[in-house]
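Student: Next come a sequence and a model predicted from it.
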Amino acid sequence: MTILPKPVICVGLSPCVQRILEFARFEPGGVNRARKVTVGIGGKGANTARMVRKLGGHPILVGYIGGANGMLLEQMLDAEEVGYRHVVVQGETRICQTLVEEGNPETTELVEEMPPLNADNWRHMMKLFESLELSGAVVPICGKLPAGAPADAYARLCGVVHEQGGRVILDTPGQPLVMALEHRPYLVKINDVELLQTLGGEDLPTACAELIKRGAQSALITRGSRTAFFVDGSQTLEIHPPPIEAVNPVGSGDAVTAGLAVALTEGREIAEALVEGMACGAANALHLISGQIEPGDVARLRCAVSVESLT
Ligand SMILES: Nc1ncnc2c1ncn2[C@@H]1O[C@H](COP(=O)(O)OP(=O)(O)OP(=O)(O)O)[C@@H](O)[C@H]1O
Ligand SMILES: [Mg+2]
């Protein structure tokens, strides 16, 4: 009997076709001719799924697609061996564009939104989600809710995962996060700015304690190149990221989620999974384009992550 590897179910409701346009010089308001165009996959959940695959995991991306762009997205997911379960909607999957200028470390992002969802679209998503095998699975839920989704959309998904015995890694700020807490997400993983904006106040330890009090089983609060904090009911850990020459840290949070999800799926303990996640975050920051982690970089950086117990 073959035992199939446990998939990582990545919820990324609004994936996109990501176009990267490279220019020798870019002048706003001028005529700019790209010298290279690369077409790929984007969106936080989709990027998390791609990085899970890069790390040797077996992702299934769950989201909405539409039109010819949606078909192209599925072809690209096939090529990268990323599994998917999509609900098809009217309209087109969004296209997002990254403009890169030679010698300029800042990139420009042109972001489209997906067409607003209607009640039927959401009902179909719930049905699809309830049909998945979630018992024992790690389920990253990533990114902002698309327009038209109910405010408690993530709360409902968390409820389904919790009931079936899966573990949610929740990476979203604001009201959708607050509403999801009572459904006991296994790990809330957001950055410090998002946490303080969501719960108010200026004190991280207080805000972390509040997440746990309201139902999160644990929380990882990242702070870019500074130390991250992990809390659960019984311990607080401070995790030191590896020192690196960062090129572009956008998407590093998604890389952390991917590393954590793969490590937890392999049955590793939380402290080890945190090291893996932090190494992946740093590995992402080494590249100009998000989501391009190299397992060799992760292996090297893993040794430079340290975990300190504060309790
Ligand atoms: N400059 C850096 N040096 C070392 N590690 C970094 C750096 N930037 C990011 N990281 C790693 O990536 C992790 C996540 O970074 P960050 O807190 O910026 O995530 P984020 O704000 O959620 O990013 P995004 O939402 O764009 O994915 C950090 O905890 C750290 O491990
Ligand atoms: Mg983030």
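Tutor: It's in. Numbers count the residues shown, from 1 in each chain. Ligands and ions are numbered 1, 2, ... in the order given.

Student: Please count neighbours and contacts with C-alpha atoms only from this point.
Tutor: Noted.

Student: bridging residues for residue 306?
Tutor: residue 240 (DSSP bridges).

Student: where's it relative to ligand 1, distance?
Tutor: 11 Å (Cα to the nearest ligand atom, to the nearest Å).

Student: Please apply the same query to residue 67.
Tutor: 27 Å.

Student: One more: residue 203?
Tutor: Taken as Cα to the nearest ligand atom, the span from residue 203 to ligand 1 is 17 Å.

Student: Tell me the confidence at that residue?
Tutor: The score at residue 203 is 95. That number is its pLDDT.

Student: give the contact list for it.
Tutor: Contacts for residue 203 (Cα atoms under 8 Å, 6 or more residues apart in numbering) come out as residue 196.

Student: can you pull the buried residues of the strand or helix carrying residue 51?
Tutor: Element membership for residue 51, per DSSP states H and E: helix 44-54. By 16 or more other Cα atoms under 10 Å, the buried positions in helix 44-54 come out as 44-54.

Student: For these, name the two members farthest from one another.
Tutor: 44 and 54 (15.2 Å; Cα to Cα).

Student: Tell me the residues of this structure that contact ligand 1?
Tutor: 190-191, 222-225, 228, 241-244, 246, 249-254, 256, 278-279, 281-282, 285 (Cα under 6 Å from any ligand atom).

Student: So which residues of the stretch 201-311 of the chain form helices?
Tutor: 204-213, 252-265, 270-285, 295-302 (DSSP state H, counting those that start in this stretch).

Student: Please identify the deepest-packed of these.
Tutor: helix 252-265 (a mean of 28; mean count of other Cα atoms under 10 Å).

Student: Between helix 270-285 and that helix, find me the angle.
Tutor: 140 degrees (axes from the mean of the first three to the mean of the last three Cα atoms, to 10 degrees).

Student: Distance from the chain centre to helix 252-265, please.
Tutor: With Cα atoms, centre = their mean, to the nearest Å as the basis, helix 252-265 stands 8 Å off its chain's centre.

Student: go on, stretch 229-249?
Tutor: That offset, for stretch 229-249, works out to 16 Å (Cα atoms, centre = their mean).

Student: Just the residues contacting that stretch, thanks.
Tutor: Residues contacting stretch 229-249 (Cα under 8 Å, 6+ apart): 105, 208-209, 212, 217-222, 224-228, 274-275, 278-279, 281-282, 284-290, 301-302, 304-311.

Student: before we move on, what about stretch 139-153?
Tutor: 8-14, 43-45, 113-119, 122, 154, 161, 166-173, 175-176, 179-180, 254, 257, 261.

Student: ditto for stretch 164-175
Tutor: 134-144, 151, 158, 161-162, 177, 185-190, 194-195, 197-199, 257, 261.

Student: Please flag which of these sit within helices.
Tutor: In helices, defined here by DSSP state H, the members of the contacts of stretch 164-175 are 158, 161-162, 177, 194-195, 197-199, 257, 261.

Student: ranking the residues you listed by neighbours, who comes first?
Tutor: For the ones in helices among the contacts of stretch 164-175, the largest number of neighbours (other Cα atoms under 10 Å) sits with residue 257, at 35 neighbours.

Student: Tell me the bridge partners for the closest residue in space to residue 209 that isn't next to it in sequence.
Tutor: Using Cα to Cα, 6 or more residues apart in numbering and skipping the chain neighbours, the partner closest in space to residue 209 is residue 231 (7.8 Å). Beta-bridge pairing of residue 231 under DSSP bridges involves residue 219, residue 236.

Student: what's around residue 30, how many residues?
Tutor: Residue 30: 7 neighbours (other Cα under 10 Å).

Student: ditto for residue 110
Tutor: Neighbour tally, residue 110, other Cα under 10 Å: 11.

Student: Next, the contact list for it, please.
Tutor: 96-99.

Student: Compute the distance between the residue of the stretch 1-150 of the chain found nearest ligand 1 and residue 217, please.
Tutor: Nearest to ligand 1 in the stretch 1-150 of the chain, going by Cα to the nearest ligand atom, is residue 44, at a distance of 7.4 Å. To residue 217, residue 44 is 23 Å away according to Cα to Cα, to the nearest Å.

Student: Which of the three states applies to the residue nearest to residue 95 when sequence neighbours are not counted?
Tutor: For residue 95, ignoring the flanking residues on the chain, the nearest one in space by Cα to Cα, 6+ apart is residue 17 at 4.8 Å. Secondary structure, DSSP: H, G, I helix; E, B strand; the rest coil: residue 17 is strand.

Student: And for the one 3 residues further on?
Tutor: The three-state label given to residue 20 by three-state DSSP is strand.

Student: what's around it, how many residues?
Tutor: 20.

Student: Ok, residue 234 next?
Tutor: 7.
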